[in-house]
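> Okay, sequence plus prediction incoming.
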Amino acid sequence: MTVWLKLAILSAWSRRLAVGLVVASLGLACALVLTVQQLRTDSRLSFSQAVSGVDLIVGPRGSATEILLYSVFQLGRPTANMSAKVLPALRDLPMVSWALPIQLGDSYQGFPVWGAEAEFFQRFQVHGQAITFKEGQAFDPNVLYQVVLGAEVARRLNHRLGDSLVVTHGSGQALDKSHDDSPFILVGILQPTGGSVDRAVVVSVASYEALHHGWGVGEFQGLRLGAFSVAGQKPSLDDLQPREYTAVFVGLNSRAQVFAARRAIEQLPGAPLTAVLPGVALDDLWRSLSLVEDTLLIIGFAVAATGMLSVVAVMLVALGARRRELSILRALGASPARIFSLLYLEAIVIGLAGLLLGFVIQQMGLYLSSPWLRESFGLSVSLGLPSGQTLLMLAALFLGVLVAAFVPALRAYRLSLADGLNPAQLY
């Protein structure tokens, strides 16, 4: 068997140019399938960790998916805000370690504005990693109109520390009015995280509240609740007590208390609330997208099948030119079964070389593109030894190689029988 395996390898090497193209084709097809599978797994994991360090997201009574989408990804709009009186009640619960309010509704050149407390930068995590600053620092909670930009906002708009920013009331449509009377000063730029915070414009809740004191429906209304002594005058911090929040991020003393905490929160007196488990809601949302990832996997296997067929096609075409070689082997005493084994081993060697090349291409491609995938799509890819699912994919592809190798080997077997009865002219 060792002799025939060596002979199969030498035979493939003698046609290394054509075989090399087949191996490259099969390798690319294998790399595509493995990459699709790897990205499916890593996308699911990255998506489920889009918000880390937060045990519960509290919002007004409604759909858990909707609360998650608008509070974390700023997709859609909340049907209603909740009273600011909820925040002290949440912080008083014995199982709650911290609670941070979030205010949404304004934008800056298409990017959402988040109203948050300074502690947000210490508590909020993406993919299990804490938020860090690339330049500057967090806003001072005792100073109005300071802003921190996510990495993508700063990169796209080419902002630097000290720049002045004017946010827009609403989503930035043509009829939305800008807060021209309250420009912000850029004091910090975040490191890329791959999460939704990269697209965020973060201001303090006091600054967010100051923007909207005196605003009615779409225009400035002047005095309200004593916040302004003169229309357009900026209020003091003592005047800026928020009346409502969009959502509240909650951290618990122990994750084992999450269900008890959710029940206690939803039973608080006053406005009805919904406490969302981010991981569960993200998994539910991901399952609704399973059709897309399954379609990508089917496309990958279709490409891999095309690669297998290329192996079969090249070997079948080459058989016509190799009949003299096979006749010599028959004349030397090789049986048709040996000829079958030789061609079968040769096809397997080519297939295995293609699979190995595909795995190397996949790992190199993911290694080189991992920073870009993380910053652009929030996707953290895992590298190194193949996982269990990757091994299953390789096993399935190897099974395809075994099936594909049978066709040219069977053809060689039949030719060797025919040439054994009617030997081809060698000279």
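Received it, and whenever you're ready, just let me know what you need. Numbering: from 1, shown residues only.
> which helices and strands sit right next to the helix or strand hosting Asp284?
Using DSSP states H and E, the element containing Asp284 is helix 278-287. Applying 3 or more C-beta pairs under 8 Å, 6 or more residues apart in numbering; DSSP states H and E, one finds that helix 278-287 makes contact with helix 16-48, helix 64-68. Backbone N, C-alpha and C define where each C-beta goes, glycine included.
> Show me which positions of the last one end up buried.
Spelled out, that is helix 64-68. 64, 66-68 (16 or more other C-beta atoms under 10 Å).
> Show me which residues of stretch 313-333 are buried.
314-315, 318-319, 322, 326-327, 329-330.
> could you dump those residues to a markdown table with distance to Val51 and secondary structure?
Shown next, in a markdown table, are the buried residues of stretch 313-333 (distance: C-beta to C-beta, whole Å; DSSP: H, G, I helix; E, B strand; the rest coil):
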| residue | distance to Val51 | secondary structure |
| --- | --- | --- |
| Val314 | 50 | helix |
| Met315 | 52 | helix |
| Ala318 | 56 | helix |
| Leu319 | 59 | helix |
| Arg322 | 61 | coil |
| Leu326 | 64 | helix |
| Ser327 | 69 | helix |
| Leu329 | 65 | helix |
| Arg330 | 69 | helix |
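> Just give me the closest of these to Gln37.
Val314 (26.4 Å; C-beta to C-beta).
> Check the spacing between that closest one and Gly20 real quick.
11 Å (C-beta to C-beta, to the nearest Å).
> Now do the helices in this structure.
For the chain, the helices defined by DSSP state H cover 2-14, 16-48, 64-68, 86-92, 120-123, 151-157, 205-212, 258-266, 278-287, 290-321, 323-331, 336-377, 388-421.
> Just say which of the ones you listed is most tucked in.
helix 205-212 (a mean of 24; mean count of other C-beta atoms under 10 Å).
> what helices or strands is that helix leaning on?
Counting by 3+ C-beta pairs under 8 Å, 6+ apart, helix 205-212 packs on strand 111-116.
> now the strand it packs on and helix 205-212, what's the angle there?
120 degrees (axes from the mean of the first three to the mean of the last three C-alpha atoms, to 10 degrees).
> got the contact list for the closest residue to Ile131 other than its chain neighbours?
Once flanking residues are discounted, Ile131 sits nearest to Phe121: 5.2 Å by C-beta to C-beta, 6 or more residues apart in numbering. Going by C-beta atoms under 8 Å, 6 or more residues apart in numbering, Phe121 touches 131, 133, 138, 148, 202.
> circling back to that earlier point, between the helices of the chain, which one is closest to Val113.
helix 205-212 (7.3 Å).
> Centre of the chain to that closest one, how far?
Relative to its parent chain, helix 205-212 has a centroid offset of 33 Å by C-alpha atoms, centre = their mean, to the nearest Å.
> Using PDB, write down the CA coordinates of it.
Output of helix 205-212 as PDB, limited to C-alpha atoms (Å, rounded to 0.1, in the frame of the first residue of the first chain):
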ATOM      1  CA  VAL A 205     -27.800  63.400  30.900                       C
ATOM      2  CA  ALA A 206     -27.600  66.900  32.200                       C
ATOM      3  CA  SER A 207     -26.400  68.200  28.800                       C
ATOM      4  CA  TYR A 208     -29.100  66.200  27.100                       C
ATOM      5  CA  GLU A 209     -31.800  67.600  29.400                       C
ATOM      6  CA  ALA A 210     -30.400  71.200  28.900                       C
ATOM      7  CA  LEU A 211     -30.900  70.800  25.100                       C
ATOM      8  CA  HIS A 212     -34.600  70.200  25.500                       C
END
